[in-house]
Every structure is written in structure tokens, then in C-alpha cells.
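[1] Need the 3D shape of this:
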Amino acid sequence: MNDGSRSSSPRDGDRPLRRDAALNRERILRAAREIFGRRGLGVTLDDVAHEAGVGVGTVYRRFPNKEALVRALFEQDLALRQLSARRALEHPDPWQGFVDFLTEMTADLAENRGLHEVIMLGSHSSGPIESARGGMLPFLEALIRRAQESGDLRAEVTPSDIPVIQEMLSAATQFAQGRRPEIWRRYLEILLEGLRRRPDNRPLTTQSLGNRTVEELMGLPTAGPVPPRH
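    Just a heads-up that it's a prediction; the model follows:
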């Protein structure tokens with residue numbers, strides 16, 4: 001997973017940071033990424049300061065509140081997920097592009113509890129974060145449509161199925177309680193066998209949740225009633 005805490009020229013507003021201040025900022029971001037990844041966004045700035053080995057005042061000088069720190073960490077992560085989707089859409093094999101995107105996204109959510117809470121639960125949202133979260137739907141629609149048109153993905157699969165699948169896989173990681181942190185990969189393999197289109201597929205008998213319901217559950221604004229696809 002890419003380290004979104006890196007920055008080529010850290011700044012404090014419009015002014016470049018002094019070298020020692022820039023180093024402290026990077027130390028804080030690395031520590032926050034580690035502790036948010038392990039424990040989620042419920043940790044405090046005091047916890048981040050302890051993890052970074054700096055005084056809490058140093059953290060507050062760089063980030064006036066936890067929301068500012070969350071934005072600094074996760075806005076770039078969300079932008080990277082959109083880049084991942086674009087790469088998947090450019091893959092010459094539509095099915096493999098779909099699989100690659102699903103694998104990368106699930107890895108990030110399963111291995112980073114903080115990112116999971118930002119994307120799936122809408123915790124500590126900001127304008128750019130909300131825009132990036134909502135902006136994933138067109139990519140999902142395009143990836144799914146492309147894989148279905150190639151004849152590789154079941155026709156019943158909808159964009160609203162993907163967040164639910166990712167929640168299922170993240171739950172498998174949590175269930176393992178650190179003993180098998182990559183156990184989600186086994187269940188992704190099982191799910192992909194069910195998602196792939198085959199002549200002997202039995203029709204799915206239960207409707208998807210639909211985009212509107214999933215957006216509501218994720219805390220995203222909804223544009224209006226969208227009936228679930230079958």
C-alpha cells in the first residue's frame with residue numbers, strides 16, 4: 001500500500017516548513033498512519049504524539065485537530081484508489097482489471113482500519129474526502145459493465161454489491177484477530193468463483209441492496225431514489 005504521508009515539500013499554510021518542523025510533521029504522519037491503521041480513528045492526538053515520540057503540543061502545532069490530521073492522511077489515499085480504478089479500466093483483460101481493483105481495494109480496507117472507517121463509514125469526513133468517496137461509483141459502474149460485456153462477470157452483479165463484498169472480507173480479517181491478517185485473500189478467491197460468469201451459473205434469487213441504500217449506509221449523500229438492479 002502506498003504511503004500517503006509522504007510529501008516532497010511540506011508546507012505550513014503558504015510557507016515552507018523549516019527542516020526540523022518538516023521532519024516532525026513527517027514523523028507525526030507516519031505515526032498516525034500506523035496507529036490509525038491498527039486501532040481506527042478513535043485514537044486521540046495524545047495517542048498519536050506518544051506513538052510519534054513527540055510532545056502533544058508539537059502535534060497541535062502541525063494539526064490543530066484530529067480532523068485536520070485525518071484529512072492530511074486519507075485524502076491522498078482516496079485519490080490513489082481512483083488511480084487504481086483507472087489502471088484497472090485500462091487493463092487489456094476486463095476480468096483481470098476488475099479482479100486487480102477489487103484485490104487492491106480490499107487489501108487497503110482490510111489492512112488499514114482507519115481507512116476502512118473513512119471510506120466505508122464516513123468517519124471524520126471533509127469536502128474532498130466526500131467528493132472522492134462519492135466519485136468511486138462511476139469507476140465501479142465502468143469496471144462492472146466492462147467485465148460483463150466481455151462475458152466474464154455475472155450479469156446480476158451491481159456496483160452496490162462491491163462495498164458489501166469488501167465489508168465481508170474486512171470482517172474476515174477482524175475475525176482472525178491478527179493471527180492471519182491476510183485471510184481475506186482466501187475468501188476473495190471463493191467470492192470471485194461465485195462472481196465469474198459460467199454456463200452453469202444458477203440465477204441469483206435475492207436482490208442487491210441498490211446504490212441508494214448502500215450510499216445511505218456509507219453516509220454518502222443520495223441524489224434520489226435509485227431502484228435496485230436484479
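
[2] For this protein, just list every one of the strands.
    Along the chain, counting by DSSP state E, strands occupy 11-12, 15-16.

[3] Relative to residue 159, how far out is residue 144?
    Look at residue 144 and residue 159: by Cβ to Cβ, to the nearest Å, they are 6 Å apart. The way it works is simple: take the backbone N, C-alpha and C, and place the C-beta from them, glycine included.

[4] Also residue 97?
    Residue 97 is 15 Å from residue 159, where distance means Cβ to Cβ.

[5] what does residue 133 give?
    Residue 133 is 13 Å from residue 159, by Cβ to Cβ.

[6] Which parts of the chain belong to which domain?
    11-64, 73-217 (automatic domain parsing).

[7] Could you tell me the least trusted of those domains?
    Among the domains of the chain, domain 11-64 carries the lowest mean pLDDT, a mean of 84.

[8] what helices or strands is the helix ranked longest in the chain leaning on?
    Looking across the chain with DSSP state H, the single longest helix is helix 66-90. If you count contacts as 3 or more Cβ pairs under 8 Å, 6 or more residues apart in numbering; DSSP states H and E, helix 66-90 packs onto helix 19-39, helix 45-52, helix 94-111, helix 113-121, helix 127-134, helix 136-149.

[9] again, only this time at 7 Å
    helix 19-39, helix 94-111, helix 113-121, helix 127-134, helix 136-149 (3 or more Cβ pairs under 7 Å, 6 or more residues apart in numbering; DSSP states H and E).
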